Structures are given as structure tokens and as C-alpha cells.
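J.: Could you work out the structure for the sequence below:
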Amino acid sequence: MTRIRLTATVAILALLLFVAGPSLLSYITDYWWYQEVGFQGVFLTMIGAQARLFVVVTVVALAFLLPNVLVALNSIGEGLPIFTTREGTPIRLPGKRQLRSIAVNVTAVLSVLVGLAASSEWMTWLTWRNQVPFGQADPILGHDVAFYVFSMPFLQFIRGIGQGLVILAALISGALYLVSGSLTSGFPARVAVSAAPRRHLAVLAAVFLLLFAFGSWLGRADYLLAPHDLIHGAAYADVHGRMTAALVVAGSAAVAGEARPDAVLAH
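T.: Purely as a prediction, here's the structure:
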């Protein structure tokens, strides 16, 4: 057992070195270049922003995904679940302890990957954090120009991260419910979900709809920046049609998201 653990540890370290080695070497050479031209402070600011954003998003992702995974794991009994194929062949699946270990590790890896993806948006975060008003508001929505330059990209980034986490939580939880038998699928003809998983997945659907409503609300501002054949910005149809439609969609999604969660997946 000790030899197996030692081999696994060496394999993981070798994999990390193989994956992270080129990036680490690139960072070192970049630092030397910035240092040579006297701008190492700029490089350190970039690295610091990436590191902080990575840590924050990874922690938030783990804090959101892990409770969902644990809730789904509670639906699995202590016995070893058995999956029977259409041909009648029984397949013994991992038990609750094995699934807990697998699910927690997968959740941790996914959280790190989400954090790594988010760290690439360090410039979006820094410009939002250090923004200053332009002192000029748009004539349609009344937002300061700084909102479109600094705030809106960051808010879209937050919305995207939120929706991505909800989708990941739903996929992992749905897989665990499927293994536990709480969710049975005769797709596309029939999908049966027991009460507790239905409430859980319905809450995730409600959160997704609220984030979708937030995205639709932000989408109104996108029309003010949309390019057209003759002009750059909102046209008559955008102001009097598409922006109103986006507001209606946002309101409808918000109302649907605030509806009673267990009624969302009642059927």
C-alpha cells in the first residue's frame, strides 16, 4: 500500500511538473525581461492580480459546488448500488464512501480549473477595481460612461462564472442522483425524479434563471455599444424594441426564478 501511494504521489508530481513547468518557465523569463527594461513592478502587479483572482474564484467555486455535492451524496445509501442494463446485466457501482472521495476530488479539481480560467480576466478585474467616473452619462439609460468601460465587462464576467458554477453543480448532482437511483431516465420518453432531488435541482434552476435575468438586464446596455452598418451604437429599433424586449425577458426570468422551487421540476 505504501509503495502504491508513493507511486501515485510521484505520478501526480510528475504530471504537475509537466503541466505547470512550461508556464512557470514562461513567467520566469517574462520577469527577467520586465526587470531588464525596468518595469518589473508592472509584471508583479499582473501576477498579483492573477493570483488573487485565482484564489478568490477557486474558494467561491469550492464553497458553492461542495455543498451541492454533499447534498446529492446524502441520497446514496450505504450499500453498493447496482445498475442493470437493458440486457439484464447487473453492474456493481462504487459505494457511498468511494463516490464521496471521487466526487470531492472532482469538485476540487473543477474549482481549481474555474479559478485558473477566471485568472485570465485579471485586467477586467483591475480596471473595475480602479475605475474612475468619466462625468458623462449616456442619454438613454443614464449610466456614466465608466459603467460601459469598466463595470459592465466585470459584471458580465461575474454572471458567466455564476452560470457556469450552477451548470457544473447541476451536472455533478444529477450524475450522483442517477447513480443513487433518485433520478431515473427513460430519455427522451420519461424522466422521473424523487422529491428531494427535484427540490435541489429546482433551486439550481431558479438560481440559473435569476442569473439569466441579470444577464438580460445587462444586455440592454450592450445595444448602446452595438455596431451597425451606418452608425455605432443603439438604433431606433434597439431603443424602442430590443431593449424593451430584453427588459421583459429579464423580468420574466426573474419571476420564474423566484417561483416556488419544487414547482419548477414538478413534472
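J.: In the helix or strand in which residue 213 is found, which residues are buried?
T.: Here residue 213 sits within helix 195-223, counting by DSSP states H and E. By 16 or more other CB atoms under 10 Å, the buried positions in helix 195-223 come out as 197-223. Yep, even glycine has a C-beta here, placed from its N, CA and C like the rest.
J.: other SSEs contacting it?
T.: helix 40-73, helix 152-180, helix 243-257, helix 261-264 (3 or more CB pairs under 8 Å, 6 or more residues apart in numbering; DSSP states H and E).
J.: and the first one, which residues are buried?
T.: This points to helix 40-73. Neighbour-count burial for helix 40-73 [16+ other CB under 10 Å]: 43, 46, 49-50, 53-54, 57-58, 60-62, 64-66, 68-69, 71-73.
J.: cool, the second one as well?
T.: For helix 152-180, the neighbour count (16+ other CB under 10 Å) marks 152-159, 161-166, 168-170, 172-180 as buried.
J.: cool, stretch 109-120 as well?
T.: For stretch 109-120, by 16+ other CB under 10 Å, it's 110, 111, 114, 115, 118, 119.
J.: and if you look at stretch 121-133?
T.: Buried, per 16+ other CB under 10 Å, within stretch 121-133: 121, 122, 124, 125, 126, 128.
J.: quick one, what contacts residue 43?
T.: 30, 31, 34, 35 (CB atoms under 8 Å, 6 or more residues apart in numbering).
J.: Which members of those occur in strands, if any?
T.: Of the positions in the contacts of residue 43, not one sits in strands, assigned by DSSP state E.
J.: got those residues as JSON lines, with distance to residue 227, neighbour count and pLDDT columns?
T.: Output for those, formatted as JSON lines (distance: CB to CB, whole Å; neighbours: other CB atoms under 10 Å; pLDDT from 0 to 100):
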{"residue": "30", "distance to residue 227": "34", "neighbour count": "14", "pLDDT": "77"}
{"residue": "31", "distance to residue 227": "38", "neighbour count": "14", "pLDDT": "75"}
{"residue": "34", "distance to residue 227": "35", "neighbour count": "16", "pLDDT": "80"}
{"residue": "35", "distance to residue 227": "41", "neighbour count": "13", "pLDDT": "79"}
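J.: Using CSV, please lay out these together with distance to residue 137.
T.: Output for the contacts of residue 43, formatted as CSV (distance: CB to CB, whole Å):
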residue, distance to residue 137
30, 40
31, 42
34, 38
35, 43
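J.: Which members of these are the farthest-apart pair?
T.: 30 and 35 (9.5 Å; CB to CB).
J.: Report pLDDT for residue 174.
T.: We have a pLDDT of 84 for residue 174.
J.: Oops, could you answer that again for residue 40 instead?
T.: So residue 40 comes in at 82 (pLDDT).
J.: go on, the one 5 residues further on?
T.: The confidence metric pLDDT takes the value 87 at residue 45.
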